[in-house]
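**Q** Give me coordinates for this.
(2 chains)
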Amino acid sequence: MTSAAASPAVAVDTPRPNRIPGAFRAYGYNFLAYKRTWRGSLTTTFLYPVLYLAAIGIGLGHLINNGPRRSVDGVIYLWFLAPGLLAGTAMQIGANESTFPVMAGIKWLKTYFAMLATPLEVTDVLYGHFLWILTRVALASGVFLAVMAAFHTVPSLWAVAAFPSAVLTGAAFAAPVMAFSATRETDQSFVVLYRFGIVPLFLFSGTFFPIAQLPGWLQLVARCTPLYQGVTLCRGLVLGRPGGWVAAGHAGYLLVMLVGGVLAARATYRHRLVQ
Amino acid sequence: MSLYGPLGVSTSGLKTDAGLAVLARGLTKRFSEFTAVDAVDFDIHLGEAFGFLGPNGAGKTSTMRMIACLSPISGGTLQVLGMDPMHDGAQIRSRIGLVPQDDTLDLELTVRDNLYLYGRYFGLPKKLLRERVDQLLEFARLTERADERVDPLSGGMRRRLTIARALVSSPDLVILDEPTTGLDPQARHMLWDRLYRLKREGVTLVITTHYMDEAEQLCDRLVVMDAGRIAAEGSPRELIEKWSTREVVELRFEPEGHEIHGERLADLAERVEVLPDRLLLYTDEGDATLDAVRSRGAPPIAALVRRSTLEDVFLHLTGRSLVD
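**A** Numbering: from 1, shown residues only, chains lettered A, B, ... in the order given. Here you go, the predicted structure:
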């Protein structure tokens, strides 16, 4: 044994790996994995919007448009529904991609641990995956908007701004859900999250009908939900009535949720992955 | 084929420098109340194959994880490749190849993709990486399965792939946590052969195992860990000389009679160990001891004289009680 003072191995003069490329290196994993398995997500990304818009927007919309009220919120039902579904879909993709894939990274495939044995840091792993989720949300939102245009439900140029709004909605859900998923031992919790969180939000946040239809106190609850912000923001933009400060409020709400979620995820990822 | 170029020197050119790969003084790891590694000291020299032996829960994996900069130390000093894991974790990891106890391969992706992606985590340029991946496929004898998914591969193939993956960055230090656990003998021998080749190329190997033959085969030096402490340290030969006798006489009597025979024969050997199924007499002259046993009457049903192995040292130091 040599003494502690003896010269140890030589340090080498290589620069500390850069943080931002680190996240992109982790992102590369998801990108390649998706290139191999993208067929599986075709239905959720491409087919569902068409099916929803056709069945509910056109089918149910026909009944509503020919009913006593003739319109919803001043427009035909399909126009009302489509931007709501856009935000709802962004939320669903954001949440989906932040639950089971995070569990896979930690427990099933342990891809996170494979990354952490390399120069990548915990934050690289987190941001890389988060960027990938944003990509998936953006892809789905872009396709949805294109389908909406094909259904002639995009009357205003403001709709271009609905794209980042939808991505923001998905991101605002993805970040805190990632933080949550990193604390879970089994995927049972995700079922609960869906049953009592994502599905009720999807149904009652003004996606399918104006929240004015709800009883008074539930209206207040609905107004405070995160998806309501995304739905209202996207609907306003798509229908060409962006809404000024109110819209900024909705966006601010989602931004706070995004930033808070990312901070929480940094903590839960570190706690889970570094022991 | 050399994975490190014609001179067997890694890209950073450090192989020939004298020095330490790892230096640990009072190294400690605590998980809340539980102390997994309890103030251990050891040096690992560049270019040597160093083993950590010990029963389950001895602290081997915790020590490995600290060296690999995956787990922060709770106390003491640790230097890896001359750097401090607390501050230079990413830089150290860029020069380490880790073979974890559980494979962390992506089963959905192909063999080639697994290697390629891992190299990308190190930021290796694509062109260089493609060449290295081909070399590593050859090294791990997986070229023919390169474009198949990992999922259907056998345990031995997956292990070889994990080892190949750990080499993608031409590391100076390769850490292998129980590399052959769960493999059949053929697969183990093939892995050993690959590890010999790495050793010949001057790569520092740090290996944990609870297979004594593996430690004897591969390790230049090793420590035996028990309950978070280092119980003994040295080369396999030194350990056997220090902690065991030259030979061991194994005797088998009627079942249930081993206690009594153990007491009866105790003076014939330096040390007697009573196992449920046999009696071990530790002695320097096995044949002479066996003759003495026979001359006392009540001969054993079966008898065997053999050389001491690392396993005798290990069991002597860490006890025979079952550890879960």
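**Q** Next one, pLDDT for residue B:318 please.
**A** Predicted confidence (pLDDT) at residue B:318: the value is 80.
**Q** Could you check how far the nearest residue to it once chain neighbours are set aside is from residue B:57?
**A** Sequence neighbours aside, residue B:226 is the residue nearest to residue B:318 in space, at 4.5 Å (criterion: CB to CB, 6 or more residues apart in numbering or on different chains). The way it works is simple: take the backbone N, C-alpha and C, and place the C-beta from them, glycine included. When CB to CB, to the nearest Å is applied, the distance between residue B:226 and residue B:57 equals 9 Å.
**Q** In terms of neighbours, single out the busier of the two.
**A** For the pair residue B:226 and residue B:57, the greater number of neighbours falls to residue B:226 (19 against 16), based on other CB atoms under 10 Å in any protein chain shown.
**Q** all strands in the stretch 1-150 of chain B, in order from the N-terminus.
**A** Under the criterion DSSP state E, counting those that start in this stretch, strands of the stretch 1-150 of chain B are mapped to B:20-31, B:34-45, B:49-53, B:75-80, B:96-99.
**Q** how about the second one, does it reach chain A?
**A** Meaning strand B:34-45. Yes: judged by CB under 8 Å from any CB of the partner chain, strand B:34-45 and chain A are in contact via B:41, B:42, B:43.
**Q** Just among those, which is most surrounded?
**A** Neighbours here mean other CB under 10 Å. Within those, the largest count is held by residue B:43, at 21 neighbours.
**Q** And that residue, how far from residue B:204?
**A** Distance, residue B:43 to residue B:204, using CB to CB: 12 Å.
**Q** Likewise for residue B:314?
**A** If you measure residue B:314 against residue B:204 using CB to CB, the figure is 23 Å.
**Q** And those two? Which one has more around it.
**A** residue B:204 (27 against 24).
**Q** what's that one in contact with, if anything?
**A** With contacts defined as CB atoms under 8 Å, 6 or more residues apart in numbering or on different chains, residue B:204 is in contact with B:21, B:44, B:45, B:46, B:47, B:48, B:49, B:50, B:172, B:173, B:174.
**Q** swap in residue B:58?
**A** Contacts were defined as CB under 8 Å, 6+ apart; by that measure residue B:58 touches B:225, B:226, B:227, B:228, B:318.
**Q** Can you list phi and psi of the second one for me?
**A** Here is the backbone geometry of residue B:226 (degrees, to the nearest 10): phi -150, psi 130.
**Q** Check what pLDDT the closest residue to residue B:30 other than its chain neighbours gets.
**A** Spatial nearest neighbour of residue B:30, excluding adjacent residues (CB to CB, 6+ apart): residue B:74 at 4.3 Å. For residue B:74, the pLDDT comes out at 95.
**Q** how near is residue B:74 to residue A:267?
**A** When distance is defined by CB to CB, residue B:74 is 20 Å away from residue A:267.
**Q** Over to residue A:93?
**A** For residue A:93, the distance to residue A:267 (CB to CB) stands at 24 Å.
**Q** where's residue A:91, which helix or strand?
**A** Using DSSP states H and E, the secondary-structure element containing residue A:91 is helix A:77-103.
**Q** That helix: which residues count as buried?
**A** Of the residues in helix A:77-103, those with enough neighbours to count as buried (16 or more other CB atoms under 10 Å in any protein chain shown) are A:77-99, A:101-103.
**Q** I'd guessed residue A:171 sits against residue A:136; true?
**A** No: with the criterion set as CB atoms under 8 Å, residue A:171 and residue A:136 do not qualify as a contacting pair; they are 10.8 Å apart.
**Q** Having no further points to raise, I will conclude here.
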